[in-house]
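Participant: sequence first, predicted coordinates after that:
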Amino acid sequence: MITRRVQYEVAGRLAGPALFRLEAWQQRVKKMRKGPRKSAIFGPPLECVSKLKELMGTHYLQGRYADGAVPVAWVTSGFPVEILRPLGFHAVYPENHAALCSVQRVVPELSDAVEKEGYARDLCSYARTDIGSVVTGKTPVGRLPKPDVLLCCTNICQTVLYWYRALAAHFNVPLVLMDTPFVYGEAKPHHRQYVRDQLEELVDVAERVGGKRVDPEELEEVVRVARDGTRLWGECLAASRAKPAPWTGIDGFFHIAPIVTLRGTRQCNAYYRMLLDELNDRVAKGIGGIVNERHRLLWDNLPIWFDVRGLSTLMAERGFNFVVTTYTNAWAEAGSRIDPADPIGSAVVAYTDIILNQDLNKRLDTMRRLSRDYSVDGAVLHSDRSCKPYSIGQIDLKQRLAKELDMRVLVLEADHGDPRAYAKEQGEGRLTAFMEGFS
Amino acid sequence: MRRAYIERQRGEHGRKSVAVLPVHHPKELLTALDLLSVELWGPPGPPRGPDVGRVQSYVCAVARNALAFLAAGHADVVDAVLYPHTCDSIQGLATLIPDFGGCAKPALTFLHPKGPSRPSARTYLEAELRSLAASLEGIAGKELEPERLRAAIALHREIDDTKARVLAGRARLPLADRALYEQLRRGEFLWPEEHLAELRALEARLESAPVQRGVPVMVTGYVPEPMGILDAIDDAGAFVAVDDWAAIGRRVTRAQTFDRAGEPFRALVDLYHAAPPCPTRHADQGARMRHLLDLFDRSGAAGVIVHEPKFCEPELFDVPAIKKTFADRKVPLLYLETELEAELPGQTVTRIEAFVEMLQSSRRAA
């Protein structure tokens, strides 16, 4: 236990940062030798990227030594993770891990492994990827620590519940559910009370697994840090209201990782302060995420992780930039509502009233507002085979957005994780035709 | 047929009706308020209206067909639509239709809790039931009387008890599977007392000794659609000895421990948690597997058919565990994925025939 704890701390505090800084230094030396790389399409790369790699790389490296050192929780992205921080949990985010697997293009291999066991390919590719990684032990991050507890919140979808049930059966560990009733119009008082009661039950379970009591002052501080981090993330996104936007929505998909996985930590906030400074600096200097920003678009739904580069290049070549995405924006809105003075009560609202747990009128309102705030002149709605709750309603949303805001809107069918569910040629053909319509 | 029945119920008894999407809803509340519950499992077959195109083709056909059906006005005879919180797709319909158009009837939701019978879930469920009851009172135009609710609970327990006896005596019932399941599924729209009378008539037909000569099989899945699957099982020389279809067997609560004279809403909460494990209510997977094994052992079935519709996430996520559970016991299992919109394809019929043939040979060899 002590050795394991030492390994865990060394990985997180020394080895991880040192390794990734060395890698960043090597990259810089390489670049200096080759001379600065200038893209005709994209603006200069964000300096922060190396810090992002260090932060996330260290998180995963440290995770390799977490089981046996500290309590380990596998957590859904919308879970109120703040409660775990004062108890010293190491939180693993299978969705983030699955996205990483998709970027690394290992999803088909991992999914095949579980399809053999009977998981249908029609199921969410994040779930197939994650369960595939569990079954095969294969992961691009080296190793994921075995969970002591599974924490699942249904505010993003019901799929996570089915997925975590399977994980609970596999690992034979407790599954704690945060069941957040869907909000049609306004949440009813007994819905709010239910979430509150579950949060209180969660504290009991987390304390039991963590082996200590939650210190209210520590929790208050974590909540303050989480709220500030969320606001910082929101400010980073808001930098794209400038013309040209200092980065792309696709960049945002990658830079979202800390607010999802490290929310409530000081490293997370330090990172976003650095990113915000850089973005503000680019705005001041008129540096855009793409070189020639002619059209500004909104992206709805998760990214197509395995093809983000190809897709953003195709768009950027023609002067199109996704300056805002409903997905990254969701992470700026929910957490900003939590209040250190009332960690539990405010978490009830923050974790219930999120875009995927609210009716389509609210979603349309958000899309209208974002479209106006970011001065977009078109939208691409990713009809994501793996995310039904995010995709249902998009046909109507498309028509309403196009009519009300007089803009071009495209529904693009793809998948957030599995390249086998995306017809790239057809998709690019549709995007090209969509862009031609602007001229 | 259902339209005529609904109109007759209105004309003869002054009963209003509510279209209800799958799977679980507190029918007792509707009965107590003299509201006819008419379930909408799609309906199966080709979509009955152009609005099906408003939902992507990778969403389950129960939701897509329901949208097409409602938006085409086929359910204009009902007074409201109730959307239980079954899955993301039905949850999505409950905002898509009321918010963006498709059916002008009042939309009610029943957001039943997921998870085990913990204190928070019990308190919440009781409040949610009371909230639904208040909405239903508005539709019915009358107040819910506790005595009537108690009577409705007792009536539905009697229905479940009778259904359980009929299903337990399946081998002694001289009826083909399709005839039996058509009869059982009439409970999806009949007034409960009429349904109970039909069930009692069925029970009266139980023989004293087994009359089914085919190979007994257990089926688990969502809904016996297309119904041709029952003909195929029958024609191949087997019969459904026990079922765990969400639409049928999984809604028969056998362990009925509740206080009949007590607070009726609390009795509904007890019954909700006593119902057979269902992934749409998040019974833990281990509990569901134990339940399936228990059903299998008690039925004397020789094999298992897992019958799922495409894109049904709650069902499909349990398939690997079901396969493993029965493989560990060396029980032959056939997995079938069918489409609600289409008839049973020939390939599936052939697979059922081959499976039953294999079971028959194993029996002969034994």
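Facilitator: Received, thanks.
Participant: next up, the contacts around the residue nearest to residue B:52 when sequence neighbours are not counted.
Facilitator: Nearest residue to residue B:52, sequence neighbours excluded (C-beta to C-beta, 6 or more residues apart in numbering or on different chains): residue B:68, at 3.9 Å. C-beta coordinates here come from the backbone N, C-alpha and C atoms, glycine included. Each residue near residue B:68 by C-beta atoms under 8 Å, 6 or more residues apart in numbering or on different chains is listed here: B:47-52.
Participant: ChimeraX command to pick out the buried ones of the residues you listed?
Facilitator: Per 16 or more other C-beta atoms under 10 Å in any protein chain shown, the buried members of the contacts of residue B:68 correspond to this ChimeraX selection:
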select /B:47,48,49,51,52
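Participant: in the stretch 201-350 of chain A, what residue is nearest chain B?
Facilitator: Closest approach between the stretch 201-350 of chain A and chain B, counting by C-beta to the nearest C-beta: residue A:201, at 5.7 Å.
Participant: ok, back up a step: what is the nearest of the contacts of residue B:68 to chain A?
Facilitator: Closest to chain A out of those is residue B:51 (9.7 Å), distances taken as C-beta to the nearest C-beta.
Participant: ok, how many other residues are close to the closest residue to residue B:33 other than its chain neighbours?
Facilitator: Nearest non-adjacent residue to residue B:33, counting by C-beta to C-beta, 6+ apart: residue B:140, 4.0 Å away. Neighbour count of residue B:140, defined by other C-beta atoms under 10 Å in any protein chain shown: 21.
Participant: now do the phi/psi pair for residue B:140.
Facilitator: Dihedral pair for residue B:140: phi -70, psi -20, per degrees, to the nearest 10.
Participant: who in the stretch 51-200 of chain B is up against chain A?
Facilitator: B:53-56, B:58-59, B:63, B:85, B:87-89, B:91-96, B:98-101, B:109, B:111, B:113-115, B:118-121, B:123-124, B:127-128, B:131 (C-beta under 8 Å from any C-beta of the partner chain).
Participant: in strands, which of those appear?
Facilitator: Using DSSP state E, residue B:109 are the members of those that sit in strands.
Participant: report the buried members of the residues of the stretch 51-200 of chain B next to chain A.
Facilitator: Here, 16+ other C-beta under 10 Å leaves B:54-56, B:58-59, B:63, B:85, B:87-89, B:91-96, B:98-100, B:109, B:111, B:113-115, B:118, B:120-121, B:123-124, B:127-128, B:131 buried among these.
Participant: pLDDT value on residue 309, please?
Facilitator: Defaulting to chain A. Confidence at residue A:309, expressed as pLDDT, is 92.
Participant: actually, chain B is the one I wanted.
Facilitator: 95.
Participant: what does it show for phi and psi?
Facilitator: phi -80, psi 150.
Participant: that one against residue B:62, yeah?
Facilitator: Yes. If you go by C-beta atoms under 8 Å, residue B:309 and residue B:62 touch, sitting 7.0 Å apart.
Participant: more neighbours: which of these two?
Facilitator: residue B:62 (28 against 24).
Participant: which ones are touching that one?
Facilitator: Here residue B:62 is in contact with B:21-22, B:41-42, B:89-90, B:222-223, B:309, B:312, B:340 (C-beta under 8 Å, 6+ apart).
Participant: tell me which of the residues you listed is nearest to residue A:142?
Facilitator: Of all the contacts of residue B:62, residue B:312 has the smallest distance to residue A:142: 35.6 Å, by C-beta to C-beta.
Participant: the closest one and residue A:61: what is the separation?
Facilitator: Taking C-beta to C-beta, to the nearest Å as the criterion, residue B:312 is separated from residue A:61 by 39 Å.
Participant: which one's more surrounded, the two?
Facilitator: residue B:312 (27 against 19).
Participant: that one and residue B:225 touch, don't they?
Facilitator: No. Applying C-beta under 8 Å, one finds residue B:312 not in contact with residue B:225, separated by 11.6 Å.
Participant: if we can go back for a sec, out of the buried ones among the residues of the stretch 51-200 of chain B next to chain A, which sit inside helices?
Facilitator: B:63, B:88-89, B:91-96, B:98-100, B:120-121, B:123-124, B:127-128, B:131 (DSSP state H).
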